[in-house]
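S.K.: what follows is a predicted structure for the sequence shown.
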Amino acid sequence: MPELPEVEAVKRIIGSQIQGHTIEKITVNRPEIIACPSADTFCRRLTGQTFGSMERRGKFLIFPLDGGDRIVLHLRMTGCLLLTAADTPLEAHTHLIFHLSDGKELRFSDTRRFGRFWLFEHGEADTCSGIAALGMEPFDPAFCGQYLSQNLGKRKKSIKECLMDQHVIAGIGNIYSDEILFAARIFPARPACGLTGEEWERLSAAIPERLSYFIEKNEMTPEEYLQGKGQDYRNTPFLQAYGREGAPCPVCKEPLRRMVIGGRSSTYCPVCQAANADDLYRLLLASYGKPRWWSDDPYTVMFQAVLVQNTTWSTVEKACAALDGRLSPALIQALPPEELEEWIRPCGFCKAKARTIKDLTAWFLKYHFDSRMVRQIPGRDLRKELLSIRGVGKETADVILVYAFHKPSFIIDAYTRRFLARLGYDLPDDTAVRHFFESALPRDAQIYGWYHWLILDHCITVCKKTPKCDACPLKPYCRQRL
Ligand code: SF4
Ligand SMILES: [Zn+2]
């Protein structure tokens, strides 16, 4: 389907040739391609009028005439305009012919017959072609990142679908939305509401840049245009993403992928257009639903965070069930270590874990077992205090920070690392992993906590040792899918 660069090519090639020529007669073979007025009125009113300088608006062509009337044309899927000598054999599906004063013919053909003409009289408002509802032209001086974020920034739809919304930006279709998103390094299925200010800026720069580039690549002489029968737009060798599934990415050489978004095929690079932590979070949340939270009781969280080290959650549940709802810091403080070891035996490493629980409880006693007092400690200092307790590693400290005291500190464990490695994020160390998550998310303990659960859920149910890639909601993003 012709998009802005192709329609612009038609305007430049045909427009310059018909300007100043008068319509002597019109032949209409398929009246239904004239949307309004009737075919008779269309022919009667236009005969004798002279073409002015052709214009384009989005994917519409506008033919102003010397009497003040104007023709509007949308080529839709397969519409095509050719300017030929009168004795050139007719193309199949030629539905309308303008016979011009210089002896040439402006012919409109359309295999699928979706293209439409409208005629508006001098001063008549265009209420039916759709032009009035078009959004901003990408080359409008007012077109900018702010315009895009204001008009699209609250939408949950994919950014690819939003770019094709003619009510916001005029002229972009399936081909150039892929090219623009590739150039802007944005994954096409991302919900528009997740884009950052910087990404809207990148997008607003890529849109006119890519469209101008393809307008330039479509440049050809009238003879070349005629030779290609108006179908050869010459941009194909220059496309970087669209239609190139499996071919190496022109930037990183990773094979390009294809997915269907809103019923349209979309090609993208899984590396250059990789999702950020926020995209992944939204996708996990949409796929696995609202996750569970650890216990509301801060001491239970601390207790369980130690128990779950090197074991499964079910053994932790078993140990807690044996306590029969009696768990409290005062009880554990008073309990002889051997008895505590016995209680937590199902979780393994009971001697070391009992010692850590005892030390953690002693630390909590410093704050009179009052979690409100602990919450007043700045997160960084609290993390240091927790890490100073024997047996409390970074992972346990972060679980306690997030789930017990609601301090945002992203939890990095074996699942987090596997999650990122499988998706193809090659991050050198935990500092880089922390930055990946924390730089893309609001500093919010609930989000960090939920994210951690979602990753667990994903790794336990889908991205297991032997992953179930076919059922995986992150498949389009994943470089390692098996
Ligand atoms: S596609 Fe497969 S390997 Fe990739 S995240 Fe999903 S389950 Fe894991
Ligand atoms: Zn790439």
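M.R.: Received, thanks. Residues are numbered from 1 along each chain as shown. Ligands and ions are numbered 1, 2, ... in the order given.
S.K.: residue 80 is in contact with residue 106, isn't it?
M.R.: No. The pair residue 80 / residue 106 is not scored as a contact, 11.3 Å apart, by Cβ atoms under 8 Å. No exception for glycine: its C-beta is placed from N, CA and C like everyone else's.
S.K.: let me see the contact set for the residue most central in space within the chain.
M.R.: Centre of the chain computed as the mean C-alpha position; nearest residue by Cα atoms, centre = their mean is residue 190, 2.2 Å away. Residues touching residue 190, when contacts are defined by Cβ atoms under 8 Å, 6 or more residues apart in numbering, comprise 158, 159, 275, 279.
S.K.: quick check: phi and psi on the closest residue in space to residue 101 that isn't next to it in sequence?
M.R.: Distances taken as Cβ to Cβ, 6 or more residues apart in numbering place residue 22 nearest to residue 101, at 4.1 Å, with adjacent residues excluded. The phi and psi values for residue 22, taken as degrees, to the nearest 10, are phi -100, psi 150.
S.K.: residue 22 and residue 82: what is the separation?
M.R.: Residue 22 sits 19 Å away from residue 82, taking Cβ to Cβ, to the nearest Å as the criterion.
S.K.: what's the answer for residue 194, then?
M.R.: In this structure, residue 194 lies at 45 Å from residue 82, with Cβ to Cβ as the measure.
S.K.: name the helix or strand for residue 331, please.
M.R.: Counting by DSSP states H and E, the element that carries residue 331 is helix 329-334.
S.K.: show me which positions of the helix or strand that that helix is followed by end up buried.
M.R.: Using DSSP H and E, the helix or strand that follows helix 329-334 towards the C-terminus is helix 337-343. Within helix 337-343, the residues that count as buried by 16 or more other Cβ atoms under 10 Å are 340, 341, 343.
S.K.: check contacts around the first one.
M.R.: The one in question is residue 340. The neighbours of residue 340, taking Cβ under 8 Å, 6+ apart as the test, are 332, 354, 357, 358.
S.K.: what's the model's confidence in stretch 200-208, averaged?
M.R.: When pLDDT is averaged along stretch 200-208, the result is 97.
S.K.: ignore the last one, stretch 306-321
M.R.: Model confidence over stretch 306-321 averages 89 on the pLDDT scale.
S.K.: quick one: the helices in the stretch 351-482 of the chain?
M.R.: Counting by DSSP state H, counting those that start in this stretch, the segments of the stretch 351-482 of the chain that form helices are 371-375, 379-387, 394-399, 414-423, 430-438, 445-461.
S.K.: tell me which of those helices is the most buried.
M.R.: helix 394-399 (a mean of 21; mean count of other Cβ atoms under 10 Å).
S.K.: what is that one packed up against?
M.R.: helix 298-307, helix 379-387 (3 or more Cβ pairs under 8 Å, 6 or more residues apart in numbering; DSSP states H and E).
S.K.: and it, how far from the chain's centre?
M.R.: 33 Å (Cα atoms, centre = their mean, to the nearest Å).
S.K.: what does that helix rub up against?
M.R.: Taking contacts as Cβ under 8 Å, 6+ apart, the residues outside helix 394-399 that touch it are 294, 301, 305-306, 309, 383, 386-387, 409-413, 430, 452.
S.K.: can you show me the CA trace of the helix or strand bottoming out on mean pLDDT in the chain as PDB?
M.R.: Of all the helices and strands that make up the chain, helix 313-323 has the lowest average by mean pLDDT, DSSP states H and E, namely a mean of 86. Only the C-alpha atoms of helix 313-323 are listed here, as PDB (Å, rounded to 0.1, in the frame of the first residue of the first chain):
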ATOM      1  CA  TRP A 313       9.400 -22.400  49.100                       C
ATOM      2  CA  SER A 314       7.400 -25.500  50.000                       C
ATOM      3  CA  THR A 315       9.900 -26.500  52.700                       C
ATOM      4  CA  VAL A 316       9.700 -23.000  54.200                       C
ATOM      5  CA  GLU A 317       5.900 -23.400  54.300                       C
ATOM      6  CA  LYS A 318       6.300 -26.700  56.000                       C
ATOM      7  CA  ALA A 319       8.600 -25.300  58.700                       C
ATOM      8  CA  CYS A 320       6.200 -22.300  59.300                       C
ATOM      9  CA  ALA A 321       3.200 -24.600  59.500                       C
ATOM     10  CA  ALA A 322       5.000 -26.500  62.300                       C
ATOM     11  CA  LEU A 323       5.100 -23.200  64.300                       C
END
